[in-house]
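> whatever this is, show me its structure:
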Amino acid sequence: MAIRSKNKVSTNFNMSSMTDIVFLLLIFFVITSTLISPNALKLLLPKSSSKTLSKQTVSVSITKDFQYFINQDAVSFDQIEPNLKQMLVGEVDPGIILHVEKSVPIEEAVKVMDIANRNKYKLVLATAPQ
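So this is what the prediction gives:
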């Protein structure tokens, strides 16, 4: 007489719990990867084929020697904001077009952009046609 055991060990492996864990981890990483750099700007400058349709009233230029010009007049950096305020007082929708040479570090352009942002001026960065 053969005695058989009622408790048999199953050799099958159930993958459903493992796939649930992997799926939840995948969802977690997809959601958190979109939150890594929400304030990053993706810019490709300085070439463009688009044109501005709105009228810009004042031109600010920065040369490779870090000389600043408002329209054709040379000014120091400290004089840019007061001169812009004086020139744009009474304009309904004041706008500035910013000309920056390609070799100038972006920090110099950001300084002028900050002035425009503080005074609520619209600013357009001029680019070379392609």
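> buried ones in the helix ranked longest in the chain, by neighbour count?
Criterion DSSP state H: the longest helix present in the chain is helix 16-33. Counting neighbours by 16 or more other Cβ atoms under 10 Å, one finds that helix 16-33 has no buried residues. Where C-beta positions appear, they are placed from N, C-alpha and C, glycine not excepted.
> may I have the strands that pair with the following helix or strand past that helix, each with its orientation?
Counting by DSSP states H and E, the next helix or strand C-terminal to helix 16-33 is strand 58-62. In the sheet, strand 58-62 lines up against strand 68-70 (antiparallel), strand 95-100 (parallel) (DSSP bridges).
> okay, the ones you listed in a markdown table with distance to E108, mean neighbour count and mean pLDDT next?
Converted to a markdown table, the strands paired with strand 58-62 look like this (distance: least, Cβ to Cβ, whole Å; neighbours: other Cβ atoms under 10 Å; pLDDT from 0 to 100):
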| stretch | distance to E108 | mean neighbour count | mean pLDDT |
| --- | --- | --- | --- |
| strand 68-70 | 9 | 18 | 88 |
| strand 95-100 | 7 | 19 | 85 |
